[in-house]
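A.B. asks: kindly return the folded structure for what I paste below:
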Amino acid sequence: MPLPKISEARNLSDEELATQIAALKKQLFQLRLQRATRQLEKPHQFKHARHQLAQLLTVEHERKLAAQSSQSVAEK
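C.D. replies: Got it, this is the predicted structure:
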């Protein structure tokens, strides 16, 4: 399974982005639990989930920065 592209994350709405971030955090918790109890069969899932979460958090941060910069321009 290839790693997801960041362009896919940028196409999501804000609500979908927040939903996916929450779902991935929950999935990472489950994967950590499975790894700790040695039940994790596919260790690459952990890497993929972390990578995708980082992409989603990056897009969320970019949107916040864009909103702040547009706000500061509007105030001037």
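A.B. asks: distance check, F29 against E15.
C.D. replies: As judged by C-beta to C-beta, to the nearest Å, F29 and E15 stand 22 Å apart. Every residue, glycine included, has its C-beta placed from N, CA and C.
A.B. asks: and if you look at A74?
C.D. replies: Distance from A74 to E15, by C-beta to C-beta: 24 Å.
A.B. asks: of all the residues in the helix or strand containing L31, which ones are buried?
C.D. replies: Secondary structure assignment for L31, by DSSP states H and E: helix 14-36. For helix 14-36, burial by neighbour count (16 or more other C-beta atoms under 10 Å) applies to 17, 20-21, 24, 27-28, 31, 34.
A.B. asks: may I see the residues you listed arranged in CSV, with distance to Q52 as well?
C.D. replies: Output for these, formatted as CSV (distance: C-beta to C-beta, whole Å):
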residue, distance to Q52
L17, 12
Q20, 8
I21, 10
L24, 6
Q27, 9
L28, 10
L31, 12
Q34, 17
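A.B. asks: which of those sits closest to S7?
C.D. replies: L17 (13.5 Å; C-beta to C-beta).
A.B. asks: thought the closest one was touching L56?
C.D. replies: Yes - counting by C-beta atoms under 8 Å, L56 is a contact partner of L17 at 6.0 Å.
A.B. asks: and for those two, which residues touch both?
C.D. replies: Common neighbours of L17 and L56 are listed as A9 (criterion: C-beta atoms under 8 Å, 6 or more residues apart in numbering).
A.B. asks: low-scoring pLDDT stretches of this protein, where are they?
C.D. replies: For the chain, the stretches with pLDDT under 70 are 1, 76.
A.B. asks: longest helix in it, by number of residues?
C.D. replies: When the chain is parsed with DSSP state H, its longest helix is helix 44-75.
A.B. asks: which elements pack onto that helix?
C.D. replies: Applying 3 or more C-beta pairs under 8 Å, 6 or more residues apart in numbering; DSSP states H and E, one finds that helix 44-75 contacts helix 6-10, helix 14-36.
A.B. asks: in that helix, which residues are buried?
C.D. replies: Of all the residues in helix 44-75, those buried under the rule 16+ other C-beta under 10 Å are 45-46, 48-49, 52-53, 55-56, 59-60.
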